[in-house]
Structures are given as C-alpha cells and as structure tokens.
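Student: Fold the following, please.
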Amino acid sequence: MPAVPTSSRLFAILSGSAGNLVEWYDWYIYSAASLYFAPVFFPKGDPTTQLLQTAAVFAVGFFARPVGAWMLGIYADRVGRKAALTLSVAVMCLGSLVIATTPSAARIGIAAPSILLLARILQGLSLGGEYGASATYMSEMAGRRYRGFWSSFNYVTLIGGQLLALAVLITLQRLIPKHDMADWGWRIAFLIGAALAVVAYWLRRHMAESVAFAHREASSKQLSLTLHLFIHYPRETFTILGLTAGGSMLFYVDTTYMQTFLRNTAGFSLELASEISAAALFICMLLQPIFGWASDKIGRKSMLLFAFGSAALFTWPIMSALATAHSVQRALILIVLSLLSLSAYTSISAVVKAGLFPPIVRTLGVALPYALANATFGGTAEYIGLWFRSRGLESGFYIYATVLASFAFFVTLTLFDSRSRFDGEQNEHQVDIHGLELPISLNNPRP
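Tutor: Sure, this is the predicted structure:
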C-alpha cells in the first residue's frame, strides 16, 4: 500500500480536526444559548417550564445520534470516509442555519418549536455520524509512529468546540445589551456556527480519502453491514459498548454535570461554577495530545487500565471532597485530578476503537456501539445525578459512576497488545508493540 505524503497527512488531520471542532461547537451552542431562545420558541409557562421544553428537544437530538451513527457509519464504509465527513458537516450547517433563522412562536405559532425539533434532530444525526467517521479517518491517516498523538486531536477539538461555544456566548453577552441578546443576539451564535461549517465543508471537500478505505476488501457481497458487524464482530462491538459506558459516564460527570454539581452541592455561584468548569475543560484539552503521545510509547492498554482503574478508586473520594470544597483553587485541583485519569481514556478512545475493526466495517463498528452507549450512559448522567440528589442519596451517584468505571476496567483486561490492524493493512510483516488489538491473527482474519 502506498505511503501517504506528510503534507497530505497533515492537511487531512487538520481538516478532520477543524470539522470536528465545528460540529461540537454547533452541538454545544444550543445548550449555551438556551436561556435566551427558550422563551422565543416556548413562550407559554414560567422560565423553568420553558427550559424543560428546550431540554426535551435537546434530549430528542441526543437520541437521534445512534440513528445518525448507523446511517453515516454504513455510508462511510460503503462510499468513503471523506464523503461521510463532508455530508456530516453539511447537515450540521443546515441545522444551525434553520435554528438561526426560524421565526418565533409569537409569529408562526406551533410551527416554531416543531422546526426547532426538526433542526435538532438533523444536528443529532450529523453528530452521531461525526464521531465514528472522524475517529476512523484520523486513525487511518495518522502515521504508525505517532498514531496515538494525532488521534488525540479528536477529543482536543471536541472539548475545543465546547469551549468555543462558551467563548462566543460570553463575547456576545458583553457586546450586546441583555434585551437585544434575548430578542435576536442569540441567533448570531448559530449563524457563526453555520459559517464555520461552510469553511469545514470546503476543507473536507479537498482532503484526501483514507488509503485504508481505498484498498479495503470489496464489500459488494455484504448484504447488510449491520448484520456483518454483529455476526462477525460481536466481541469487538460489545467491547466498545463497555469502554464507552464507563468513559462517557465519567466524561459527562466531569464536564456537563460538574457545573451543576458545583452550584447545587458545593455551593458555588453560577458564575464561579461556569468559570471553574471552563478552566478545567481547557486544561483537559491540553492534556489530550500529551496522553496520546504517551500511548505511542507505553501502549494503549496500559493507558486504559490507568484511566479506569484510577477512576474506580478515586471517583468517590474526589466527588466527596468536591462537595465540601469552598475555595476555587481546591475545586479546580480536584476536577483536574479527575480529568487527568479520564484523559488517559479520551485521548486514545478513537484509535483504540478504530483498531478493533477492518476497513470494511470500521466506521459503523466504531460509531454505532459508541452512540448507543453514549446516549444511554453519557446522556443520562446529569439526570441520574440529580435523581440521586433529589432522594437525598447523592453518594449513590458516586457508587454508580464507580461501578461503570470498574466495569470498563474489567473490559480492558480482556484486551492485549498484539499486531496493529492499521499497520497490518499496510504491511502484514510490520509489528507495532504499542498497538491495541483483540486476539485476531492478520494471517487468518475473520470473514
């Protein structure tokens, strides 16, 4: 298989990373700006009711992600990674543009929230396919020597998109009067997202196709890639479900739920809780390439064992200490300690999962089980945490998170370092002692 020129490799990683950042910006700006547009689309009821209705639309979009993972996963494995990534960012652009331009319920009635729901479903479909396609593409395009390092930018841009959404909202709040912000200013944030998506679309249109996809086995004889996935790769599929159950739960605890936890349990103001969370996220973003690079040196399995093992041991003590942390410095240090172990998972999750499957079913194999586990365990993290708190049993949530981390730890124990499937696609005689693979011989691959 021909080698990928360095310039093409770097442009491919840049394009994949930029598109991923835009996708996550467009996804998170909905939550960041919801306080402003909730009354626009849901004018009836008190502010809490309006936010609940907006959150319900958010949840529908979240559960559209597995459908998008399935659809775009098949598309990427049939047509190409480049085509799927380009389509994904185009759909996200359309969703943001629709939200930005939809008239208020005062003008068009029930059509307004209905259009908002449709736009959010489009964004959910887009994001569902984005993770699998970008994880696969960036892992395939990354070189053997620094595959973990380059693949870590999948989460760098995921976190970067969230931080960019917060930065844009804060900037708009400072530049636009509060009344105007509630009236029309929030729409600018979605227009910015649509404009950025156009740039990402152009970049992805001009990037090279993955060499691994171009030289994959012919898939025309496979009547159903979905059946092929579950029949021939059940262990790999359930491995991703197990890893994602623990990893996504911990990620949403340390990011989305943490802001609520700092305000409701630790007693920080909303402003301080937001600032602490943003600072911790920024540090977490910087940690990703470091851990990705480290995985190229010591191996993926060692990193995963550290991530889930330390989470299983320290989630309870850290959350308990945070509950009584009355200083910003102490709270930030505790959250960063938690993110330190989490980063050992997030930085390499893309390359680990992509390495479990051959090119013929790789995107679908990464995307579908990830989206299912992410929606089930990540998307419900905040709700479950608040449910435990409402029952006066907040420590039960710590146990829940610890159990999932322990489960992911035991799933990791079933893996071992072997030949790298990526390198085997290039030269079956090359051995990558740092690659993570299930016990599958490249000389006798599964059908």
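Student: Quickly find the element holding L332.
Tutor: Taking DSSP states H and E as the definition, L332 sits inside helix 328-346.
Student: gap between whichever helix or strand comes after that helix and the chain center?
Tutor: Next in sequence after helix 328-346, counting helices and strands by DSSP H and E, comes helix 349-354. Offset of helix 349-354 from its chain centre (C-alpha atoms, centre = their mean, to the nearest Å): 12 Å.
Student: One more: stretch 346-365?
Tutor: Centroid separation between stretch 346-365 and its chain, computed with C-alpha atoms, centre = their mean, is 14 Å.
Student: and the end-to-end length of it?
Tutor: End-to-end distance for stretch 346-365, by C-alpha to C-alpha, to the nearest Å: 18 Å.
Student: Same question for it: list its buried residues.
Tutor: For stretch 346-365, a neighbour-count test (16 or more other C-beta atoms under 10 Å) marks 346-365 as buried. The way it works is simple: take the backbone N, C-alpha and C, and place the C-beta from them, glycine included.
Student: average pLDDT for the helix holding L332?
Tutor: What helix 328-346 shows for mean pLDDT is 93.
Student: Equivalent analysis for stretch 290-307, please.
Tutor: For stretch 290-307, the mean per-residue pLDDT is 92.
Student: Repeat that for stretch 13-33.
Tutor: In this model, stretch 13-33 has an average pLDDT of 84.
Student: CA atoms of it as CSV?
Tutor: In CSV, the C-alpha atoms belonging to stretch 13-33 read as follows (Å, rounded to 0.1, in the frame of the first residue of the first chain):
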residue,chain,number,x,y,z
ILE,A,13,-5.8,15.7,10.1
LEU,A,14,-6.3,19.5,10.0
SER,A,15,-9.5,19.1,8.0
GLY,A,16,-10.8,16.3,10.2
SER,A,17,-10.0,18.2,13.4
ALA,A,18,-11.5,21.5,12.1
GLY,A,19,-14.7,19.9,11.1
ASN,A,20,-15.0,18.0,14.4
LEU,A,21,-14.5,21.3,16.3
VAL,A,22,-17.2,23.0,14.3
GLU,A,23,-19.6,20.0,14.8
TRP,A,24,-19.2,20.1,18.5
TYR,A,25,-19.5,23.9,18.6
ASP,A,26,-22.8,23.7,16.8
TRP,A,27,-23.9,21.0,19.2
TYR,A,28,-23.0,22.8,22.4
ILE,A,29,-24.1,26.3,21.5
TYR,A,30,-27.7,25.0,21.8
SER,A,31,-27.2,24.4,25.5
ALA,A,32,-25.1,27.5,26.0
ALA,A,33,-27.7,29.8,24.4
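Student: what's the distance between that stretch and the middle of its chain?
Tutor: With C-alpha atoms, centre = their mean, you get 10 Å for stretch 13-33.
Student: tell me which residues of it are tucked away?
Tutor: Using 16+ other C-beta under 10 Å as the test for burial, stretch 13-33 gives 13, 15-33.
Student: what's the neighbour count on S88?
Tutor: By the measure other C-beta atoms under 10 Å, the count of residues near S88 is 31.
Student: My guess is it contacts G73. True?
Tutor: No: at 10.8 Å, S88 does not count as touching G73 under the criterion of C-beta atoms under 8 Å.
Student: coming back round to it: now the helix holding L332: buried residues?
Tutor: 331-332, 334-346.
Student: pretty sure M207 belongs to a strand, no?
Tutor: No: the assignment for M207, made by DSSP: H, G, I helix; E, B strand; the rest coil, is coil rather than a strand.
Student: What backbone torsions are found at the closest residue to it other than its chain neighbours?
Tutor: Once flanking residues are discounted, M207 sits nearest to S15: 4.1 Å by C-beta to C-beta, 6 or more residues apart in numbering. Main-chain dihedrals, S15, degrees, to the nearest 10: phi -70, psi -40.
Student: And S15, how close does it get to L229?
Tutor: 27 Å (C-beta to C-beta, to the nearest Å).
Student: Please apply the same query to G378.
Tutor: Applying C-beta to C-beta to G378 and L229 gives a distance of 21 Å.
Student: same thing with T157?
Tutor: Separation of T157 from L229 (C-beta to C-beta) stands at 26 Å.
Student: what about L227, how many neighbours?
Tutor: For L227, using other C-beta under 10 Å, the count is 10.
Student: so where does it fall, helix or strand?
Tutor: Applying DSSP H and E, one finds L227 within helix 225-232.
Student: Convert the C-alpha atoms of that helix to PDB, please.
Tutor: Output of helix 225-232 as PDB, limited to C-alpha atoms (Å, rounded to 0.1, in the frame of the first residue of the first chain):
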ATOM      1  CA  LEU A 225     -23.000  -4.200   7.100                       C
ATOM      2  CA  THR A 226     -25.000  -4.100  10.300                       C
ATOM      3  CA  LEU A 227     -25.600  -7.900  10.300                       C
ATOM      4  CA  HIS A 228     -22.000  -8.400   9.300                       C
ATOM      5  CA  LEU A 229     -20.900  -6.300  12.300                       C
ATOM      6  CA  PHE A 230     -22.900  -8.100  14.900                       C
ATOM      7  CA  ILE A 231     -22.400 -11.600  13.400                       C
ATOM      8  CA  HIS A 232     -18.600 -11.500  12.800                       C
END
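Student: In this structure A312 contacts F410, no?
Tutor: No: using C-beta under 8 Å, A312 is not in contact with F410; the gap is 9.6 Å.
Student: neighbour count winner among the two?
Tutor: Neighbour count, other C-beta under 10 Å: between A312 and F410, A312 has more, with 22 against 12.
Student: The strand or helix carrying that one vs helix 328-346, what angle?
Tutor: For A312, the host element (DSSP H and E) is helix 300-323. Helix 300-323 and helix 328-346 are oriented at 160 degrees to each other (axes from the mean of the first three to the mean of the last three C-alpha atoms, to 10 degrees).
Student: Domain-wise, how is this structure divided?
Tutor: Domain assignment for the chain by automatic domain parsing gives 1-206, 224-447.
Student: Dump these to JSON lines, plus distance to A212.
Tutor: JSON lines is the format used below for the domains of the chain (distance: least, C-beta to C-beta, whole Å):
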{"stretch": "domain 1-206", "distance to A212": "4"}
{"stretch": "domain 224-447", "distance to A212": "5"}
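Student: ok, back up a step: intersection of neighbour lists for S88 and G73?
Tutor: Listed as contacting both S88 and G73 by C-beta atoms under 8 Å, 6 or more residues apart in numbering are G129, A133.
Student: Could you report the distance from the residue lying farthest from the centre of the chain to H179?
Tutor: Distance from the C-alpha centroid of the chain, by C-alpha atoms, centre = their mean, peaks at R107 (35.7 Å). Distance of R107 to H179, computed by C-beta to C-beta: 18 Å.
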